[in-house]
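> I would like the atomic coordinates for the input below:
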Amino acid sequence: MSHWNHRKLLVVDVAALSEPFDWKNLSFQTAQTVLPAVTCTVQASFRTAAWPDGHGMIANGLFHRDLRKVMFWEQSARLVAGERIWSGLRGRGGKVAMLFWQQSLGEDADVVLSPAPIHKHHGGMIQDCYGQPDGLYGHLCRKVGKPFSLRHYWGPMASHKAGDWIAKATAAVLADRDLAPNLCLTYLPTLDYDLQRHPPDAAKVQIARSALENQLRELLVAGRREGYETLIFGDYRIGPVDRAAMPNRILAEAGLLKMRPVKDMLYPDLYASRAFAMVDHQVAHVYVPDPAHIGPTRDLLSQMPGVGEVMDKEAQRAAHVAHPNAGELLLQAEPGTWFAYPWWSRPREAPDYAAHVDIHSKPGYDPCELLWGWPPGSIGRDPGRICGSHGLAGPDNRVVWGATMEVPGPIDNLVDLAGAVRKWIDE
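This is a model prediction of the structure:
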């Protein structure tokens with residue numbers, strides 16, 4: 001058996017891990033994250049060891065210019081361009097697993113597990129997960145002792161219970177002789193929810209952090225038992241926010257974003273609009289079809305309270321995000337501010353999906369989906385209730401990582417870390 005076949009690695013992406021745990025057997029270091037510092041972008045950068053201008057996953061959603069349509073949280077692996085860090089491993093017959101990573105469906109991997117509910121025509125959904133090989137999800141449900149609950153993964157009921165299930169399922173994959181990969185990538189969302197709902201010193205945040213520590217210890221024990229080294233990394237830092245900025249409302253008031261009234265509700269008309277902002281936490285891609293409108297749009301948004309920087313393509317190139325998928329302009333929020341998607345001014349003008357968890361219809365990320373609203377069964381619609389957000393990179397937004405093995409350095413950023421992982425598994 002060749003030397004590489006002895007090497008097995010578990011990689012754990014921990015949402016919002018920016019503070020180390022005080023563990024004797026694993027020390028943590030800091031690294032620069034990527035811009036935008038959001039889940040899909042970071043995970044795409046890690047699996048390719050490339051910046052967003054290379055892999056093209058410039059946010060959690062993409063604006064398809066030909067369709068004039070925003071699509072968030074699409075799961076096809078073909079949305080992420082570039083060679084994978086495990087291509088050499090796979091070429092030598094090694095096995096790869098991806099559990100709960102974004103854009104994993106159809107990926108060049110042996111084991112894939114991802115939430116994939118069926119939305120029923122008249123409301124409601126059938127909870128399910130997509131799994132490869134066939135029968136994987138049912139097998140893991142039996143190992144864990146219960147099915148995965150999507151309601152614990154996103155929405156007002158989201159909690160550490162989702163991470164508990166993922167950790168147990170990951171441990172089961174590592175221990176299964178038929179499934180166990182040489183490289184296993186998994187994801188723990190445990191800190192993400194309450195850091196957006198509550199101030200960082202809230203009791204519920206501390207409970208989530210304790211739950212995460214238990215999940216990580218479970219994975220470390222499982223990995224050690226099955227002969228795996230383990231690498232843990234955070235993808236972004238959630239910082240406190242106390243206000244929301246709404247670039248689409250400004251664009252609508254200026255006549256750049258056009259509306260389509262339907263039964264007194266206002267829906268965006270992206271076919272006729274001259275500018276539109278696809279918001280994603282603390283960043284927003286602004287799409288301006290006609291170059292003649294870029295300057296006026298930039299001037300308008302530069303004066304908007306809460307906007308820290310308006311990046312044109314030159315500035316985007318310097319930040320490694322100037323991909324054709326990116327907006328003509330990219331907004332970064334001031335610290336303490338996040339970007340909300342609403343364009344309407346009166347509550348009755350809100351589209352039907354505004355009051356519901358609907359991650360695929362909304363043309364922007366909506367953290368209010370984590371909160372209950374009124375009437376019962378609806379979500380909150382007050383952006384002032386959001387306490388934490390992310391998306392910014394830079395020295396004040398570094399994340400932490402730690403590994404049980406020696407990682408070849410130097411490691412300044414997550415792209416460096418991914419490259420080091422590729423080198424380690426290829427040795």
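
> okay, CA-based contacts and neighbour counts for the rest of this
Fine.

> show me where the stretch 1-150 of the chain has strands.
Under the criterion DSSP state E, counting those that start in this stretch, the stretch 1-150 of the chain contains strands at 9-14, 28-31, 61-64, 69-72, 96-99, 111-115, 118-119, 125-126, 129-132.

> in its sheet, what does the longest one sit against?
For strand 9-14, sheet partners with direction are given as strand 183-188 (parallel), strand 229-234 (parallel), following DSSP bridges.

> how is this protein carved up into domains?
3-238+393-426, 243-389 (automatic domain parsing).

> will you turn the ones you listed into CSV that also has mean neighbour count and mean pLDDT?
Formatted as CSV, these follow (neighbours: other C-alpha atoms under 10 Å; pLDDT from 0 to 100):
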stretch, mean neighbour count, mean pLDDT
domain 3-238+393-426, 19, 96
domain 243-389, 19, 97
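
> still on that earlier bit, can you redo the strands of the stretch 1-150 of the chain as TSV with distance to residue 163?
Formatted as TSV, those follow (distance: least, C-alpha to C-alpha, whole Å):
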stretch	distance to residue 163
strand 9-14	10
strand 28-31	21
strand 61-64	23
strand 69-72	22
strand 96-99	12
strand 111-115	13
strand 118-119	22
strand 125-126	20
strand 129-132	15
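
> so which of the ones you listed comes closest to residue 162?
Within the strands of the stretch 1-150 of the chain, the stretch nearest residue 162 is strand 111-115; the backing value is 11.1 Å (C-alpha to C-alpha).

> Need the CA coordinates for that closest one. CSV is fine.
This file holds the C-alpha atoms of strand 111-115, laid out as CSV (Å, rounded to 0.1, in the frame of the first residue of the first chain):
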residue,chain,number,x,y,z
VAL,A,111,-20.2,10.2,-0.9
VAL,A,112,-22.5,13.2,-1.0
LEU,A,113,-25.2,14.2,1.5
SER,A,114,-27.2,17.4,1.2
PRO,A,115,-30.7,18.7,2.3
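
> which stretch among the strands of the stretch 1-150 of the chain comes nearest residue 415?
Residue 415 sits nearest to strand 28-31 of all the strands of the stretch 1-150 of the chain, at 9.5 Å, using C-alpha to C-alpha.

> Just the CA trace of the closest one, in PDB.
Taking C-alpha atoms only, strand 28-31 is exported to PDB below (Å, rounded to 0.1, in the frame of the first residue of the first chain):
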ATOM      1  CA  PHE A  28      -5.800  27.500  16.800                       C
ATOM      2  CA  GLN A  29      -4.300  30.100  14.400                       C
ATOM      3  CA  THR A  30      -5.900  32.900  12.500                       C
ATOM      4  CA  ALA A  31      -6.400  33.400   8.800                       C
END
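
> where exactly do the strands run in the stretch 151-300 of the chain?
Assigned by DSSP E, counting those that start in this stretch, the stretch 151-300 of the chain shows strands spanning 183-188, 229-234, 239-240, 243-245, 259-262, 265-268, 276-280, 283-287.

> Show me the one of these that comes nearest residue 52.
Set against residue 52 and scored by C-alpha to C-alpha, the strands of the stretch 151-300 of the chain come closest in strand 283-287, at 13.3 Å.

> neighbouring contacts of the closest one?
For strand 283-287, the external contacting residues (C-alpha atoms under 8 Å, 6 or more residues apart in numbering) are 36, 275-279, 326-333, 338-339, 391-392.

> just how off-centre is it within its chain?
Its chain's C-alpha centre and that of strand 283-287 lie 16 Å apart, by C-alpha atoms, centre = their mean, to the nearest Å.

> Determine the angle, from 0 to 180 degrees, between it and strand 276-280.
Orientation check (axes from the mean of the first three to the mean of the last three C-alpha atoms, to 10 degrees): strand 283-287 against strand 276-280 gives 160 degrees.

> Paired strands for strand 283-287, with orientation please.
Partners of strand 283-287 in the sheet, by DSSP bridges, are strand 276-280 (antiparallel), strand 329-333 (antiparallel).

> Pipe those into a markdown table and attach distance to residue 102 per row.
Putting the strands paired with strand 283-287 into a markdown table (distance: least, C-alpha to C-alpha, whole Å) gives the following:
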| stretch | distance to residue 102 |
| --- | --- |
| strand 276-280 | 16 |
| strand 329-333 | 23 |
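
> Nearest to residue 397, out of the strands paired with strand 9-14?
Using C-alpha to C-alpha, those put strand 229-234 closest to residue 397, at 10.9 Å.
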